[in-house]
Every structure is written in C-alpha cells, then in structure tokens.
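Q: starting from these lines, generate the structure:
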Amino acid sequence: MKKVLILTAGFGEGHNAAARNLRDALELVSPETQVEVLDLFESTYGRLNTFVKQAHLGVVRYAPTLWRGIFSLLDHVSVADSGLTGLTRLRTALGDVLRVTQPDCVVSTYPAYAPVIKELFRDHSEKPFRFVTIVTDSISVNAAWHRAPSDAFVVANRPTATVLHHAGVPADRIHPLGFPVSPQFAVPGLVPFPLADDGPIKLLYVINHGKKKCGKVLDRLLENERVHLTITTGRDAELKAELQDRFRNQGGRVQVLGWTNQMPALMLSHHVLIGKAGGAVVQEAIAARCPLVINQIIPGQETGNAQLVRQLGLGTVAERNREVPGIIEDAFAKKSRLWHEWRANLLKHSHPDASLRIAELVVRQCGDTGDWSKFAPPATKAMADTAPAAAPAIVDGAAARRSLLCDFHIHSNYSDGSLTVPELVDFYGPRGFDCICITDHLADPRRVIGKLSKLSNLVLAENQLEEYFDVLDRERRRAWRKYGMLVMSGIEFNKDGLTKKSSAHLLGIDMQMPIASALDLPETIAQLHAQGALAVASHPHVFKSEWGKNTLYLWENQDEFAPLLDAWEIANRNDIFAPVGLKRLPFIANSDFHKPKHIYSWKTLLQCEKQNDAIKDCIRRNAHVSITLYREGGLLPVSTRIERPAELVERAAPPMSPVALLQAVNG
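A: Here you go, the predicted model:
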C-alpha cells in the first residue's frame, strides 16, 4: 500500500484548498493509497502560528504596500535562506514525521517545506521518497517556490511554467497540469452556465475587503434590469444583514449569502465572478469557465493571478471598484461580444480535471521510491503536545469490535468550529474512532440571544440546512470507505434564554433530515424521535473547568424532560457532571469539539455492533456504556491503523475510472 504525505500551511486559503482537493482526488484515482494532510506550522507552533497568520492578514488588508516589500524581501535568496535557522522546531517535527510515517511521496503546497527537506537530507545522496511541489502562485512566483530542489513542480498554467524554466528549473521537472481544484469540477456533463439573448445576467459578487464602499457599486449594477446578483459576505454577519435590508425590495434579483462551501456550484451557475485575485478563487473560476472581473489585488502573490486573467483574456481587472459597473455594461453590450470572447478563452485554458491528473502524477511518483531502512529508525519519544493534527493512534482490532470509541458532539465551521467537515473526518478517522456525530449549532430565532447568534454567523442558517445535510451525507460515505468510521448527522439546538435556568442546548444525533429551529423543546424532541434520532441533553449541569454560559433548563425541569430524553451528557470536554450519575440517568460523554486540542477530552465507549441502530439502541438502554478520557500515545506509523473488521469490508468491485467513480460517489 502506497503512502502519500501532503504538507500545507494556513497562510492564505490557496495552500489548504490545493491540499484538500488533491487528497480528495487521490482517493478517487487510487483508493488503496493512504493519504495524510498535515499543517506542521499549526501543530508545531500553536499560538505563535495563529498570531503570525493574523498579523499576515492584517498587513495584507491594511498595509498592502508594506506587504509588497515583505514579499519582495522573501524573494531574496540570502534573506530567505538565513531565515531557515528560525524553523528549528519545524525541522525537528518534519524529520520525526518522515521517519515515522515513511511516505512513498511527499507533496508540498507551501514553499517553506522544500528547504527544510533539503536540509534534513543534505548528508544523503538520495531521499527515500519522491518530492512534489505544487506551486499555487501564477506568473509572479516567489523564488521560495523553486529555490530548493523537487522531483516535480506542478504549475497551474504554461505562463507559470515558463517563469520557472527561466528561473533555472529543468523543463522535464515542470508539469503544467493546472491548479488542483475540487474534483467536483470534473464531473462529466457539467457545462459552463449559458447566456440567453436578452435573458438575465447572473453576477456572483464575492466581498472580501472594501466593504463600506460596495453598496454604491451594487446599486449601480442593479440599474441594469437584466442583472441578477448573488452576493457572498463570508463571516461578516453585520454586512450580510445590512445588504439583506438594503435589497429587501429587489424581489428575486438579489440573494445575499454568508459563508458557504458551495463556491464551485455558484461559479457554475453564474455568468461573471467579481472579486479579489486570490489563487484558489481565480483557479476555481477558470475551472468553471466563469469569466472574472478582478476588483482587488494583494501585491505580490496575487499580482500574477490578475496578470494571468489579463494575459489570457479570461476577464479583466478593475483598477478601482467603481469601474466594475461600466466593465459589466461593456461585457454584455453588442450582443455580449466581449463576454463571449472571455468564455471562449476560458474553454481553451480551463483544466477542470486538474486534481485528478495531478493525483495520477503523484501515484506514478510513488512507484519510484528509495529504501527507508538506510535511514534512522522511528523516534520513540512521545509527541502528544506537538504531534500533527492527523497523527494516527494504535487501536487493537479485536477490542475495537467489542468497544466502539465514539464522540457525538462535534462542531465544524458551519457554526463555530475551526475545521471543515472533511477535515473533521480526516482528523477523527486516523485516530481509530468508530463513530462520530457532527452537531453544529442551530439557534432559535424567537429568542433574543438566538437572533444575536444568527447575526454572529457562528450558527447554522436555515437556508444552509439542506447544504449541510448533503455535505454530511457525502462525507459519511467517504469516512466509511476510507476509515470504516460511521459519521452521523446532527444538530445542537440552541434554546438560549437570558438566564442560565432559562437556557437549554439539545443534541439531535443521527438525524435524517433538518428540523425547524423555531420549535419548543418537546416538539423538537418529538420530531427527532419521529425520524429515529436521539435527543440528548447537552452540558446540562454547571461548568467547572470551562468558561461558558451554563444551560440548566433541562436539569431544572427533569420531571418533564427525563421521560422524553434518550440520554444526558455526563461529561462534556473536561467537565464531569456527577449529579447525572447520582440520578442514574442514561448518559454519554463528548468532547464538544471546536478545535484540535479539544480531542483530549471525555469520550463514550459502547459495547455493541458497529451499526447506527445498534449504537442508538445501546445508548437508549444505557447498557454496556462507559466513558473514557481520550489521550494519544504519540506519533505512530500509519501502518498501525485499525483496519475495518472483516465482516464490515465491502466486497471488491471491478476497477472504475476516476471519472466513473466520481459519478458514483456523487450519486
């Protein structure tokens, strides 16, 4: 079995997007290959890494000229090389990861890893693995990307390939395969959004910065009666509410969205994308064959993306945001001649299947690897404090069939969690978990705090529920194929009052469909039971170790709710609620996971079959239920992972092409 290690970093969304999309493509192209995605900056530097990322965003947003100078400085070889001495902890962590996991191929989507690998293996004639660098920049490529050697450089387009070749990279090592966009773009039958004569012009306006100035531009765009706008505001709930109020009387011409992970679908259903020149956004728009109007450029890495759009005629760049309405008018004038030119150029330069082609290249690289036995044996030191986020844990296979390790209270970035749903699956799966339930917050809009929560954008919105359940269903299938792990769909219903005794949080576990947020607790519980889901009281007693608002309504009204509820949380993260045990109420224990460090907390152990109904029945009867305080034993080889029990392994199917498999996965 081949092993691929993908290294990324959270400095800009493009690096993480490339890593995630390549991981998904590898699972389609080579399902038997084990793939790990690690952000070693996050796991090694912790709070310092968070501070640096925030500082980076601040400089980019408020001092772009300063960032231009920093970017240019980083392009200077001597300065960048001297800075390697400041990455001692990263060098140590990466060395441990490589010795322990022994990958066949290492892929980097961030330039800092290549010089570290060069330093680690400077005393060896050859590395025992192949190294692939995915360059996420276009044209204005910082020298950090190619300063250290790599067996293969993957670039998004031929102009960028030319830049690397002129910088001294051998031509046979440069592969202009495209940017690894989501494999969703490669589904057969997906066609660019058509434009009907005199039909609506659908514009996708992605707001990043300059938010105070966007209102007038949007008003001017809507002066054209053909224009229909979809506006995304990210996590800015205040701006979302302001724009919804501003365009309340526009009927169906304006849709305002907050954060969404459905950008591929949005790009495929609009005629033009208006937004900043971010690497991932630009490349996804090219894959969707959606013309671009760039209205903001971060000096340095985004300069090349804007240059690419202009050079290849994939859209245009507005020097000032107020120029956007005029550009749109020109694009759709004279029977939309200019827009049709943009679309034709996109059809020539688009690589919607790039992630699949890159995955095939990586798999081929795996067949030409060295001998790990020549190198130092795995480090024996436990690394619980600094282990990468995807460090696997040893679990005895026979024991796992008797005792299921479960966590039924997990939050993704659909509410206030830090990880996406796919990242949660790839976080829990390698750690030997048998069953998890993702339970993002849904606030009751009838309550004052519920209204405020919706404005915060840290809870699910009603119009996100269908998307949320679709994503959970897709990841449920992937988690089973890859890890033999059950993923249940859930919601944490927030019924917050002004006091702790009027507030309650209720977990819906293994839900089959959404439930309205504006229901009373008894009705919510009844609807959960009607679809076979569990209703569990979340953190029902007083917190001792965690800061947070207590939610005591269910506890204060046990006489009413004890007969209705299936279980109560006896432990939540680091808190144990002893009164739940003293009352002999049915119980489970959960992490209330919001960020990776929350994994080290109380969990549930069940002795039952590894099947949804059996798990729920075990909890309802509260027989063979226990709790455990989860700890990892350090960084251990990927090969030690628990495999699916033989009786649960699906029968082998004939091999399928990646595209056919992608169609099957998407139903």
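Q: use CA for all of it now, contacts and neighbours both
A: Will do.
Q: contacting residues for residue 314?
A: For residue 314, the contact set (Cα atoms under 8 Å, 6 or more residues apart in numbering) comprises 286, 291-292, 308, 342-343, 345-346.
Q: please name the strands paired to the one helix or strand residue 273 maps to in the sheet, noting orientation.
A: In this assignment (DSSP states H and E), residue 273 forms part of strand 272-276. Note on strand 272-276: by DSSP bridges, its sheet partners are strand 201-206 (parallel), strand 292-296 (parallel).
Q: how far does the helix or strand following the longest one sit from its chain's centre?
A: Read in the C-terminal direction, the helix or strand following strand 201-206 is helix 214-221, with elements assigned using DSSP H and E. Helix 214-221 has its average C-alpha position 31 Å from the chain's average C-alpha position, going by Cα atoms, centre = their mean, to the nearest Å.
Q: swap in stretch 458-466?
A: Centre-to-centre, stretch 458-466 and its host chain are 17 Å apart (Cα atoms, centre = their mean).
Q: same check on stretch 249-262?
A: 22 Å.
Q: returning to what we had before: now for the contacts of residue 314, which pair is the farthest apart?
A: 308 and 343 (14.8 Å; Cα to Cα).
Q: for residue 132, give me its contacts.
A: By Cα under 8 Å, 6+ apart, residue 132 lies in contact with 105-108, 150-154, 362.
Q: pull the most distant pair out of those residues.
A: 105 and 154 (14.1 Å).
Q: check the gap between the spatially closest residue to residue 30 that is not a sequence neighbour and residue 355 for me.
A: Nearest non-adjacent residue to residue 30, counting by Cα to Cα, 6 or more residues apart in numbering: residue 363, 7.5 Å away. From residue 363 over to residue 355 the distance is 12 Å, taken as Cα to Cα, to the nearest Å.
Q: neighbour count winner among the two?
A: Applying other Cα atoms under 10 Å to residue 363 and residue 355 shows that residue 355 carries more neighbours, namely 30 against 20.
Q: please tell me how far the more buried one sits from residue 424.
A: When residue 355 is compared with residue 424 (using Cα to Cα), they lie 21 Å apart.
Q: ok, back up a step: how about the strands paired with strand 272-276, which one is nearest residue 324?
A: Once the strands paired with strand 272-276 are compared by Cα to Cα, strand 292-296 is nearest, at 7.4 Å.
Q: the closest residue to residue 215 other than its chain neighbours: neighbour count?
A: Using Cα to Cα, 6+ apart and skipping the chain neighbours, the partner closest in space to residue 215 is residue 243 (7.8 Å). By other Cα under 10 Å, 20 other residues sit near residue 243.
Q: report pLDDT for residue 243.
A: For residue 243, the pLDDT comes out at 90.
Q: surely it is in a helix?
A: Yes: counting by DSSP: H, G, I helix; E, B strand; the rest coil, residue 243 falls inside a helix.
Q: that one and residue 256 touch, don't they?
A: Yes: the pair residue 243 / residue 256 is scored as a contact, 7.0 Å apart, by Cα atoms under 8 Å.
Q: so residue 228, which state does it fall into?
A: The three-state label given to residue 228 by three-state DSSP is strand.
Q: for it, what are its contacts?
A: By Cα under 8 Å, 6+ apart, the residues touching residue 228 are 200-203, 222, 252-254.
Q: and residue 4, that's in a helix?
A: No: counting by three-state DSSP, residue 4 falls outside a helix, being strand.
Q: what is the mean pLDDT for stretch 599-610?
A: 94.
Q: in that stretch, what's buried?
A: Across stretch 599-610, burial judged by 16 or more other Cα atoms under 10 Å covers 599-608, 610.
Q: now do it: distance to the chain's middle.
A: Distance of stretch 599-610 from the chain centroid (Cα atoms, centre = their mean) equals 25 Å.
Q: that stretch: end-to-end distance?
A: 21 Å.
Q: then stretch 328-345?
A: End-to-end for stretch 328-345, by Cα to Cα: 18 Å.
Q: which residues sit against it?
A: 197, 221, 289-291, 312-315.
Q: show the buried residues in these.
A: Applying 16+ other Cα under 10 Å to the contacts of stretch 328-345 flags 221, 289-291, 313-315 as buried.
Q: just for the stretch 301-450 of the chain, where's the confidence low?
A: Within the stretch 301-450 of the chain, the ranges that satisfy pLDDT under 70 run 301, 369-370, 374, 376-402, 448-450.
Q: change it to 80
A: Applying pLDDT under 80 to the stretch 301-450 of the chain picks out residues 301, 368-402, 447-450.
Q: that one: strands as residue ranges?
A: Applying DSSP state E, counting those that start in this stretch to the stretch 301-450 of the chain gives strands spanning 315-317, 404-410, 435-443.
Q: and these as a markdown table, adding distance to residue 484?
A: Below are the strands of the stretch 301-450 of the chain laid out as a markdown table (distance: least, Cα to Cα, whole Å):
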| stretch | distance to residue 484 |
| --- | --- |
| strand 315-317 | 45 |
| strand 404-410 | 12 |
| strand 435-443 | 9 |
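Q: closest one to residue 25 among the ones you listed?
A: strand 435-443 (23.7 Å).
Q: so what strands line up beside that closest one?
A: By DSSP bridges, strand 435-443 pairs with strand 404-410 (parallel), strand 486-495 (parallel).
Q: redo those strands as CSV? Include mean neighbour count and distance to residue 9.
A: Output for the strands paired with strand 435-443, formatted as CSV (neighbours: other Cα atoms under 10 Å; distance: least, Cα to Cα, whole Å):
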stretch, mean neighbour count, distance to residue 9
strand 404-410, 25, 23
strand 486-495, 25, 27
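Q: on that earlier part again, between the contacts of residue 314, which is closest to residue 4?
A: residue 286 (27.4 Å).
Q: ok, the closest one - how many residues close by?
A: Neighbours of residue 286 under the rule other Cα under 10 Å: 27.
Q: state the distance from it to residue 302.
A: Residue 286 is 15 Å from residue 302, where distance means Cα to Cα.
Q: and for residue 268?
A: Taking Cα to Cα as the measure, residue 268 and residue 302 are separated by 23 Å.
Q: and if you look at residue 89?
A: Applying Cα to Cα, the value for residue 89 to residue 302 is 29 Å.
Q: likewise residue 6?
A: Residue 6 is 23 Å from residue 302, where distance means Cα to Cα.
Q: try residue 621
A: 57 Å.
Q: more neighbours: residue 89 and residue 302, which one.
A: Taking other Cα under 10 Å, residue 89 and residue 302 do not tie; residue 302 has more neighbours (22 against 15).
Q: any idea how this protein splits into domains?
A: Here the domain parsing of the chain from automatic domain parsing is 3-184+354-374, 191-349, 397-631.
Q: now do the shortest one: distance from first to last residue.
A: Taking Cα to Cα, the first and last residues of domain 191-349 lie 15 Å apart.
Q: so how far is that domain from its chain's centroid?
A: Relative to the centre of its chain, domain 191-349 is centred 23 Å away, using Cα atoms, centre = their mean.
Q: and if you look at stretch 574-583?
A: Centroid separation for stretch 574-583 versus its chain: 34 Å, with Cα atoms, centre = their mean.
Q: list the buried ones in it?
A: Judged by neighbour count using 16+ other Cα under 10 Å, the buried positions of stretch 574-583 are 574-577, 580.
Q: keeping just the C-alphas, turn it into CSV.
A: C-alpha atoms of stretch 574-583 as CSV (Å, rounded to 0.1, in the frame of the first residue of the first chain):
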residue,chain,number,x,y,z
ASN,A,574,-13.1,18.4,30.7
ASP,A,575,-16.2,18.6,32.9
ILE,A,576,-17.9,15.7,34.6
PHE,A,577,-21.4,16.3,35.8
ALA,A,578,-21.6,13.9,38.8
PRO,A,579,-25.3,14.6,39.5
VAL,A,580,-26.2,12.9,36.2
GLY,A,581,-24.7,9.7,37.5
LEU,A,582,-26.1,10.1,41.0
LYS,A,583,-29.6,10.4,39.5
